[in-house]
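Colleague: sequence plus the predicted model coming up.
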Amino acid sequence: MKAPSSSSETEQFERIRTEVFETPDAAVGRVAQRLAKLIRSRAAMGQRVVLGLATGSTPVKLYRELIRLHQEEALSFRNVATFNLDEYYGLSPEHPESYHRFMHDQLFRWVDLSPESTHVPDGTVPRAGVFAYCAGYERQIAEAGGLDLQILGIGRTGHIGFNEPGSGPDSRTRMVALDRLTRRDAARDFRGEANVPAYAITMGVGTILEAREIILLGWGEAKAPVLRDAIEGPATATVPASFLQHHPNARCYLDRTAAGELTRFRYPWKVGPVRWDEPLTRRAVVWLANELRKPVLRLRDEDYSENGLSPLLVETGSAYGLNIRVFNRLQHTITGWPGGKPNADDSHRPVPAEPARKRVLVLSPEPLDAELGMAGTLSRLVAQGHEVSLVHLTSGNLGVPDGEAKLAVNLLKAAAQQGGTAGAGQTGWPHELEQELESKSPLDEDSAGLRRFKGLIRQAEARAAARVLEIAASATVHLNLAFYERGRYRQFRTAEDDVDRVAALFRQLQPHQVYLTGARSEPNSVAGIAFQLFRSAWARNRTEPWARSCQVWLYAASERAWSPDEIEMAVPLSPAELLVKLDALCQYRSQRNQTPFFRDMGGELWQLAEDNNRATAQAYDRLGLAEYEAMETFRRWRVTDVE
Ligand code: F6R
């Protein structure tokens, strides 16, 4: 099979055809139309369509759009047969996290697919029968006429289906062990890594490549590095998705953030002429300095011209002036005054000096997110006299494992008994909670009462963290937005009253600064939904006088340290301040890894935050700027981004 040639100059590095859309909705609309056309044209000829389907967060929006097409535009699935990629081994079809259940909830029950025409691998086949079962699954696909179109997501390990690194292009349907990163990514659904199955049954890479057409979907910043490797790197078993390069009719449909590491977006000067605006100039200079391992001020004319950056020199005449300009820009992003420095010249500072005392609204999708991203900055803002409101948008109760709830219930009961209350602990809420916790498995849905209790645990942790950061109790708000309380991961639907509540918060506080995260997150994640809520609420307020002068700052999520060229404000942390931050993070004891399994990966959230903050400081240092212990990082979000 031959890889398709790129259709435009800008795509010259891409070995899989890739279409990039502003939003996942736009991409999903296009893919759904493609599917609808295929289904309808086959139906008109009295023929069947065989679809390969995926689970996970990525296709959720696609399935919602297909359901809409079925309900509103009479798209029928009567002539469709489906084969799913994979299933966790050991989970029954009824299990809340099984892919059977997922497909039923997200698609099958809403459309007119007949149950006999849907196929999801069976995770309950006895071990001795797995090989024969997998061969049978392949046979069923072949007997159905082969897959007409396969939908894929991609894991951060580069897996498609559950074909983890090491899976070859000829691999077939089989049982596999899940990679540790994959298990960590699934930990949220399973309420802790310890509950994530170790094995799965998956179609092989070879099985997938036999589909006549393949569409891989990808959203959000977290997928950007692996998508770059799959699309632009060599075809290798280290990144199984890269084998799609061998397929004549495979396409990636990405949103802009998932495509962010592709050469045409990250290093556009390498693919054609560009307009050298300030951000791009900065990016190119930082890239060059990193490539050559030189501080910015030591880059020479030859360094630019030998590395394809002569056009950049044309504007400034020499490396000298350009280096100084970029160095100063980088220098000006660093400030110990995130709320503005009173009585100082602010013409080169990220934040205006006036008003000296600002109203600052910090939005945290779940308790802990804001602390991970900006605990040091939060405590500085408080210490520098600003009026800080820390608003936890959701209760975070889905992230509290049963073990933590058991511990707290136990304590409550023991305290009541010590208090000498007659019959203490035999009735009442703690007793009910104890009964529920005794009888449920960690994966059963929690009752509303248990969720409320777990929310209280997370609130208590948030209060402890706020105390460490010296944020007054009265400055912390728990909004407990409804979308979170009504759903589970991947099944959230935003509720209109949530937008009302965030909009009301803006009107009430009229902030000079808003801090939040999630702009580049996967759209079904809590941070992604929280960001969309912010945008809707902001759109309602944006003509208000306070909104016109309000700065919105995005803080970095914990997954990846931003490069200095992406940063518009870097707040340094001294060694002592970093320790205070870590102390605050450690107050969230329910959010520690519940097993030692991932310890060697540095998988603790506080460790990731520390590593990223240190990495940023080192990146600035390598460019020749001052060497700090650690740095928290921010980017401006501008009102024009609403449109
Ligand atoms: C799902 C599957 C996986 C997922 C991948 C991404 O059937 O086979 O390859 O597509 O793990 O998962 P999400 O979409 O949850 O990021």
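Modeller: Looks like it came in fine.
Colleague: looking at the chain, which helix or strand is least sure?
Modeller: Taking mean pLDDT, DSSP states H and E as the measure, the helix or strand of the chain with the lowest value is helix 180-186, at a mean of 83.
Colleague: which helices and strands sit right next to it?
Modeller: Of the remaining helices and strands, none touches helix 180-186 by 3 or more Cβ pairs under 8 Å, 6 or more residues apart in numbering; DSSP states H and E. Placement of C-beta: from N, CA and C, glycine included.
Colleague: name the residues that touch whichever helix or strand comes after that helix?
Modeller: Later in the chain than helix 180-186, the nearest helix or strand by DSSP states H and E is strand 199-202. Here strand 199-202 makes contact (Cβ atoms under 8 Å, 6 or more residues apart in numbering) with 85-90, 121-123, 125, 130, 133-134, 137, 161-163, 173-178.
Colleague: rerun at 6 Å
Modeller: 86-89, 121, 161-162, 175-178 (Cβ atoms under 6 Å, 6 or more residues apart in numbering).
Colleague: over to stretch 27-42?
Modeller: Outside stretch 27-42, the residues that touch it by Cβ under 6 Å, 6+ apart are 21, 49, 61-62, 65-66, 69, 75, 79-80, 215, 253.
Colleague: which two among those are spaced furthest apart?
Modeller: With Cβ to Cβ as the measure, no two of these lie farther apart than 21 and 79, at 28.5 Å.
Colleague: what's the pLDDT at the residue of the stretch 101-250 of the chain found nearest the ligand?
Modeller: Shortest the stretch 101-250 of the chain-to-the ligand distance, computed as Cβ to the nearest ligand atom: residue-wise this is residue 153, at 2.6 Å. With respect to pLDDT, residue 153 has a value of 98.
Colleague: work out the sheet partners of the top strand by length along the chain and label each with its direction, please.
Modeller: Among the segments of the chain that qualify as a strand by DSSP state E, the longest is strand 630-637. Here strand 630-637 is paired, per DSSP bridges, with strand 551-555 (antiparallel), strand 569-573 (antiparallel).
Colleague: any idea which of those strands is most buried?
Modeller: With neighbours taken as mean count of other Cβ atoms under 10 Å, those reach their highest mean count in strand 569-573, at a mean of 25.
Colleague: and that strand, how far from the chain's centre?
Modeller: The chain centroid and the centroid of strand 569-573 are separated by 23 Å, computed with Cα atoms, centre = their mean, to the nearest Å.
Colleague: same question for that strand, mean pLDDT?
Modeller: 98.
Colleague: tell me, how many residues neighbour the residue of the stretch 101-250 of the chain closest to the ligand?
Modeller: 22 (other Cβ atoms under 10 Å).
Colleague: and residue 110, by the same measure?
Modeller: 17.
Colleague: please apply the same query to residue 22.
Modeller: Neighbours around residue 22, by other Cβ under 10 Å: 10.
Colleague: okay, domains of the protein per the record?
Modeller: Domain assignment of the chain by automatic domain parsing yields the ranges 9-264, 273-332, 359-400+443-642.
Colleague: can you get me a residue count around residue 45?
Modeller: So residue 45, with other Cβ under 10 Å, has 8 neighbours.
Colleague: just residue 71 next, same as before
Modeller: When neighbours are defined as other Cβ under 10 Å, residue 71 has 11 of them.
Colleague: and the gap between it and residue 42?
Modeller: 21 Å (Cβ to Cβ, to the nearest Å).
Colleague: and the helix or strand hosting residue 214, what does it pack against?
Modeller: Using DSSP H and E, residue 214 sits within strand 213-218. Applying 3 or more Cβ pairs under 6 Å, 6 or more residues apart in numbering; DSSP states H and E, we find strand 213-218 packed against strand 149-152, strand 250-255.
Colleague: helices or strands next to the shortest one in the packing?
Modeller: Helices and strands touching strand 149-152, by 3+ Cβ pairs under 6 Å, 6+ apart, are strand 49-53, strand 213-218.
Colleague: mind putting these in a markdown table, mean neighbour count included?
Modeller: As requested, those are exported to a markdown table (neighbours: other Cβ atoms under 10 Å):
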| stretch | mean neighbour count |
| --- | --- |
| strand 49-53 | 23 |
| strand 213-218 | 24 |
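Colleague: adding distance to residue 479 and mean pLDDT, write the ones you listed out as a markdown table.
Modeller: Listed next are the helices and strands packed on strand 149-152 as a markdown table, based on distance: least, Cβ to Cβ, whole Å; pLDDT from 0 to 100:
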| stretch | distance to residue 479 | mean pLDDT |
| --- | --- | --- |
| strand 49-53 | 36 | 98 |
| strand 213-218 | 31 | 98 |
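Colleague: next, format those as a markdown table and append distance to the ligand.
Modeller: Shown next, in a markdown table, are these (distance: least, Cβ to the nearest ligand atom, whole Å):
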| stretch | distance to the ligand |
| --- | --- |
| strand 49-53 | 8 |
| strand 213-218 | 8 |
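Colleague: quick check: which of those is nearest to residue 246?
Modeller: Per Cβ to Cβ, nearest to residue 246 of the helices and strands packed on strand 149-152: strand 213-218, 10.7 Å.
Colleague: great, nothing more from me.
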